[in-house]
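Peer 1: next comes the sequence, and after it the predicted model I'd like to discuss.
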Amino acid sequence: STISANTVDNNNNKKNNENEKKIKVMADFVKDVTLPDRTYYPTDTVLTKTWKMKNNGEHEWGNKVELVFFKGNESLTLEKRYPVINAKPGQEVEVSAVIKTPNKP
């Protein structure tokens, strides 16, 4: 799967908006690092789900990229946003989210 998003490249943190340009950041899912899909976990348990992602774009991601919840069972995620470290083109990084299993099976 390929994921894309737009981020603002604010060169030198200038206050002039004409110096801001949108950069399309791209990512490929590489693999689940922790908690394989369709695996049973005890109820009411806090877990960290980690994925390996690859920057398959032409630009580094920068420091303003986040993993953001947007679809699925929102009650499983403890936060809606998680920071993602910068990745240069071709670099693989791990991205994590803290989740909690439902309190009922």
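Peer 2: Ah, there it is. Numbering: from 1, shown residues only.

Peer 1: need the helix or strand of the chain with the lowest average pLDDT.
Peer 2: Least confident helix or strand, the chain: strand 2-10 with a mean of 51, by mean pLDDT, DSSP states H and E.

Peer 1: for the closest residue to residue 47 other than its chain neighbours, grab the count of nearby residues.
Peer 2: With C-beta to C-beta, 6 or more residues apart in numbering as the criterion, residue 47 has its nearest non-adjacent residue at 5.5 Å, and that residue is residue 99. Glycine gets a C-beta too; all of them are placed from N, C-alpha and C. A count of neighbours around residue 99, defined by other C-beta atoms under 10 Å, yields 19.

Peer 1: pretty sure residue 67 contacts residue 93?
Peer 2: No. Assessed by C-beta atoms under 8 Å, residue 67 is found out of contact with residue 93, at 11.0 Å.

Peer 1: can you pull out the strands in the protein?
Peer 2: Assigned by DSSP state E, the strands in the chain fall at 2-10, 20-32, 46-54, 66-68, 81-83, 92-100.

Peer 1: how near is the spatially most central residue of the chain to residue 105?
Peer 2: The residue lying closest to the centre of the chain (C-alpha atoms, centre = their mean) is residue 67, at 2.8 Å. Noted for residue 67: a distance of 27 Å to residue 105, by C-beta to C-beta, to the nearest Å.

Peer 1: count of neighbours near residue 58?
Peer 2: Residue 58 has 10 nearby residues by other C-beta under 10 Å.

Peer 1: list the contacts for it?
Peer 2: Neighbour list for residue 58: 26, 89 [criterion: C-beta atoms under 8 Å, 6 or more residues apart in numbering].
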